[in-house]
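[1] Everything below, folded, please.
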Amino acid sequence: MGRDLGLGHEEHPLLGHRVRDIASGTEGELMAVVLEEVATHTGPRWTRRAYIRPKAGGRELPTALDNIEPLGTP
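    Now for the predicted structure:
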């Protein structure tokens, strides 16, 4: 768990670096790691989500923090 940066955002060593979401194959820059409450079929739970800005730009895509892997330097 990273240091709390406010509003649920946390530090992470890959922030600002190129990463891949292994679940979707999306590649881009890791913009944020956020502790969020998400709805599940058994009720709400807290999870860490990574937000990736795709190489082509546009909307940041969320994924589970455990789904990201580094691609190299930013």
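[2] what residues are up against the nearest residue to residue 24 once chain neighbours are set aside?
    If the residues on either side of it in the chain are set aside, residue 24 comes closest to residue 63, at 6.8 Å by CB to CB, 6 or more residues apart in numbering. Where C-beta positions appear, they are placed from N, C-alpha and C, glycine not excepted. Counting by CB atoms under 8 Å, 6 or more residues apart in numbering, residue 63 touches 21, 23, 24, 26, 49, 50, 52.
[3] From residue 11, how far off is the second one?
    Computed with CB to CB, to the nearest Å, the distance linking residue 23 and residue 11 is 23 Å.
[4] same check, this time on the last one
    When distances are taken as CB to CB, residue 52 and residue 11 turn out to be 17 Å apart.
[5] Same check on the third one?
    Residue 24 sits at a distance of 24 Å from residue 11 (criterion: CB to CB).
[6] quick one: which of residue 52 and residue 11 has more around it?
    Taking neighbours as other CB atoms under 10 Å, residue 52 and residue 11 compare with residue 52 leading, 23 against 11.
[7] secondary structure class for the more buried one?
    strand (DSSP: H, G, I helix; E, B strand; the rest coil).
[8] show me what contacts the residue lying closest to it once chain neighbours are set aside?
    Leaving aside its sequence neighbours, residue 52 sits nearest to residue 28 (CB to CB, 6+ apart; 4.5 Å). Contact analysis of residue 28 by CB under 8 Å, 6+ apart lists 18, 19, 52, 53, 54, 55, 61.
[9] which stretches of this protein form strands?
    4-6, 9-10, 18-21, 27-38, 45-54, 61-64, 68-70 (DSSP state E).
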